[in-house]
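Q: Sequence below, structure please.
(chains A and B)
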Number of protein chains: 2
Amino acid sequence: MKPLPPPPALTRRGLVRAAAGLAAAGAALAGKGVAGAAVEPAAAPSAAGDNKAAVEPFWGEHQSGIITPIQNYSYFAALDLDTAKRDELIEMLRVWTATAARLAAGKTAAPLGTDVSTVGADTGEALGLPPARLTLTFGFGPGLFVANGKDRFGLAARRPAALVDLPVFNGDQLIPEKTGGDLSVQACADDPQVAFHAVRQLARLAYPIAKIRWVQAGYTTRPQDGGTPRNLMGLKDGTSNPAVSDPKAMAQLVWVGAEGPNWMRGGSYVVVRRIRVALEHWDRMNIAFQEQTIGRHKYSGAPLGGKGEFDTLNLAANDKDGNPIIPESAHVRLAAAASNGGAQILRRPYSYNDGANFVAERWPPWRQGIEYDAGLLFICYQRDPRTGFIKIFENMSKFDMLNQFVTHTGGGLFACPPGIQPGGFIGQRLFEPG
Amino acid sequence: MKPLPPPPALTRRGLVRAAAGLAAAGAALAGKGVAGAAVEPAAAPSAAGDNKAAVEPFWGEHQSGIITPIQNYSYFAALDLDTAKRDELIEMLRVWTATAARLAAGKTAAPLGTDVSTVGADTGEALGLPPARLTLTFGFGPGLFVANGKDRFGLAARRPAALVDLPVFNGDQLIPEKTGGDLSVQACADDPQVAFHAVRQLARLAYPIAKIRWVQAGYTTRPQDGGTPRNLMGLKDGTSNPAVSDPKAMAQLVWVGAEGPNWMRGGSYVVVRRIRVALEHWDRMNIAFQEQTIGRHKYSGAPLGGKGEFDTLNLAANDKDGNPIIPESAHVRLAAAASNGGAQILRRPYSYNDGANFVAERWPPWRQGIEYDAGLLFICYQRDPRTGFIKIFENMSKFDMLNQFVTHTGGGLFACPPGIQPGGFIGQRLFEPG
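A: Residues are numbered from 1 along each chain as shown, chains lettered A, B, ... in the order given. Just a heads-up that it's a prediction; the model follows:
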């Protein structure tokens, strides 16, 4: 029988106490590796044949949730740090690591115990739910290094050159309350309650050292035939994504190599954008116009001029009048590696769907009214955002025909450190000499 | 080969044209009954063994989505009518009926056709997705009968006595933009994209006769063992719900009988409440306090004093000091039929999860900050709201200990007419003499 857990952190002192308890739990777990998780029953036993019972490994060379095959749900959280103490930050990261390893294994945040006179070790809403392939991916925003010109944790000199402040792009309408953050947590799972539950445990344990700044839920649903999912514009989304199963491509495009600081090698950079789509406007366009805008056929996903979804984009092909078959401002042309000096990113595309609210559209016919607040939770990973998202989007933000239907309303850029082995904690090398 | 569909409604004249086309499609479908749907391939072929391939019947004595076993996702929409013409309203209901029957069968809103010079007959995001047990349940709000004191459609005299204006309850903080509406559409499905897609097609076809007023998405996830789902408070939700498989109970509690107007017999009344829960506050309470608040044990769901989830609530039991084991203000006591003269409702409980935003809590310690905008999408059906939700909640809204964690921020009351047979349209008897 393990000792009962301390109550979750309600004060700064509480955090440190919780950290001690959880770190012990983490160390116990760590000593046994992932397989050791089985000595304590998971919250939900795996049901044979149920896909949701699958577990994604938490420990490893890279963080999970980056090249992990996409799960159906995502809950992305950005938090701000409200401490000046490096030790508190490190303790928090230790607690997060130990807790995340438990959660990914389908367990509660800490053992539940039987003492009802204390705050629960877990909030309980995922009891009985399967692990659902939960992954938790952590990132560090620019504010971890320098905030308001201050080197708050003695880390300023270790800020990677690639962790730039994102430039202001053409058309940006970023809402401050949905933008930025010192830390990021991307939870992905095949169950929406499992994803939210994970972020909730981490946020609860971090409070008040770190506080949630913004969150965004997303989903994607895979067709029955295993084909490419469609986004809310009715378009197949992800056709030309690099293959996560191709280690060479991932090493080239996604993982930080020798060019980065030691603490980031094997890590990656995530750019998140909350992209509202004027669905009502889009739905009024005829199909041919939608296809010209994108550069692909709507139903098949084939490039204009092609027949199959995975046909090569022929950007040089002209029609009989000498006009390009894929228009100059079509989305796929501007996004293509060939149009961006070979630049490529790994997208992890989700839709978001936040209900409806009043909006004034920015394009003719300038409709005003209650419209869906829905669109893309655009998440992408890359080795260097300067030669990835920023390079590609600088051009697209100016010329993409799709811009008349989309508005970027929030997001951020975070440095996701490499994965860790049992006993370590997320971002550990950032805090070590060398 | 069927004729190509007309473009979806963009103008009032367009609506009527679309209606003609869809009504023809509906009639064709109707002639064959549900089985006839097979003559035109559904959007996604059923995959053997995949639960999501299941179809819920659209036609019948009652509307589906009321006693249909609960699906994992809901997208609830309230719309306002922007017409004074009874014929336009009827045409819209005909279009909705024909379209809903197609969608429930896993088809597109109308046959897609091949002409890309027109607006799509369907927005496309559910192509390849399974029927996912989609149900669409329609309701009529008070505004359909009288709006601003005006009998807009000659229906004022037919307003059922049970379709009251909901009273203002103790603690209500209803946001006008999330409250009321002339019409309601509850889409439920085992896939979130299928549920949203259905509402989007109906809203698109109704525009501008009817316009969306508010929408709310929700979800519930069933434990692996088939047990009662837990809500975001970590509590099993639905333990004491009447059994939808019990026709006698449903006839007594849910379906309007001879006491109602002819056009509502076999129908039901839905009350929807968007209930924000101060999850951060709740999470700080010790488990014993949470259990006293609810009147059940958190993990097992057993009533206080009991052992199993389905043990009878013993409201008369006292402890050795003579105090009630289930406190006087415990949620389950105040909600129990025995505390409300036998009143019972059929709940269809979903959680909602709309991200996070700034809020000032109403109870100690009056925390202010960014908190989850999450809680319950509370949906309940009943034969008469005056002896159902209103009777039960009048008392609960004053005395329920849970009130310090919850705030009702929106919702509505809608009369859901009975189901229809092929060839009919939703609410048809309301528009016919007698």
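Q: got a list of contacts for stretch A:326-343?
A: A:240, A:292-296, A:303-305, A:313-315, A:317, A:324, A:344, A:387-388, A:391-392, A:395-396, A:399-402 (CB atoms under 8 Å, 6 or more residues apart in numbering or on different chains). The way it works is simple: take the backbone N, C-alpha and C, and place the C-beta from them, glycine included.
Q: Which parts of that stretch count as buried, going by neighbours?
A: Residues of stretch A:326-343 classed as buried by neighbour count (16 or more other CB atoms under 10 Å in any protein chain shown): A:326-327, A:329-336, A:339-340, A:343.
Q: Mind picking the two most distant members of these?
A: A:P327 and A:A343 (20.7 Å; CB to CB).
Q: Can you say which helix or strand has the residue in the stretch 151-300 of chain A that chain B sits nearest to in it?
A: Chain B sits closest to A:G234 of the stretch 151-300 of chain A, with a gap of 2.6 Å, by CB to the nearest CB. Under DSSP states H and E, no helix or strand contains A:G234.
Q: Please name the nearest non-neighbouring residue to it.
A: B:G124 (2.6 Å; CB to CB, 6 or more residues apart in numbering or on different chains).
Q: And for the one you found, the neighbour number?
A: Neighbour count for B:G124, taken as other CB atoms under 10 Å in any protein chain shown: 25.
Q: Was I right to think A:A109 contacts A:A203?
A: No: with contact defined as CB atoms under 8 Å, A:A109 does not reach A:A203; the gap is 11.0 Å.
Q: Who has more neighbours out of the two?
A: Higher neighbour count among A:A109 and A:A203: A:A109, with 30 against 21, using other CB under 10 Å.
Q: For that one, give me its contacts.
A: A:P8, A:T99, A:R102, A:L103, A:A121, A:D122, A:T123, A:Q201, A:L205.
Q: From the residues you listed, pick the one nearest A:P261.
A: Once CB to CB is applied, the member of the contacts of A:A109 that ends up nearest A:P261 is A:T99, at 26.6 Å.
Q: which SS state does the closest residue to that closest one other than its chain neighbours fall under?
A: Distance criterion CB to CB, 6+ apart; nearest residue to A:T99, sequence neighbours excluded, is A:A109 at 5.1 Å. For A:A109, the assignment made with DSSP: H, G, I helix; E, B strand; the rest coil gives coil.
Q: how near is A:A109 to B:S351?
A: 19 Å (CB to CB, to the nearest Å).
Q: swap in A:P131?
A: 20 Å.
Q: need the strands for chain A, in chain order.
A: A:73-81, A:135-140, A:183-189, A:210-219, A:268-277, A:346-347, A:350-360, A:368-382, A:406-416 (DSSP state E).
Q: pLDDT of the second one, averaged?
A: Averaged over strand A:135-140, pLDDT sits at 98.
Q: name the helices or strands packed onto it?
A: Secondary-structure packing of strand A:135-140 (3 or more CB pairs under 8 Å, 6 or more residues apart in numbering or on different chains; DSSP states H and E): helix A:86-104, strand A:183-189, strand A:406-416.
Q: and it with strand A:268-277, angle?
A: Between the axes of strand A:135-140 and strand A:268-277, defined by axes from the mean of the first three to the mean of the last three CA atoms, to 10 degrees, the angle is 100 degrees.
Q: Looks like A:I294 contacts A:K236 (just checking).
A: No: counting by CB under 8 Å, A:I294 does not reach A:K236; the two are 9.8 Å apart.
Q: Nearest residue to the residue positioned nearest the centre of chain A in space, ignoring adjacent ones along the chain?
A: A centroid search over chain A (CA atoms, centre = their mean) returns A:Q186, at 4.5 Å, as the residue closest to the centre. Leaving aside its sequence neighbours, A:Q186 sits nearest to A:T137 (CB to CB, 6+ apart; 4.3 Å).
Q: returning to what we had before: out of the strands of chain A, which one sits most buried?
A: Comparing the strands of chain A by mean neighbour count (mean count of other CB atoms under 10 Å in any protein chain shown), strand A:183-189 comes out on top with a mean of 28.
Q: List the pairing partners of that strand within its sheet, with orientation.
A: Using DSSP bridges, strand A:183-189 pairs in its sheet with strand A:73-81 (antiparallel), strand A:135-140 (antiparallel).
Q: rewinding a little: could you dump the strands of chain A to a markdown table with distance to B:G65?
A: Below are these laid out as a markdown table (distance: least, CB to CB, whole Å):
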| stretch | distance to B:G65 |
| --- | --- |
| strand A:73-81 | 23 |
| strand A:135-140 | 34 |
| strand A:183-189 | 27 |
| strand A:210-219 | 21 |
| strand A:268-277 | 28 |
| strand A:346-347 | 35 |
| strand A:350-360 | 19 |
| strand A:368-382 | 21 |
| strand A:406-416 | 33 |
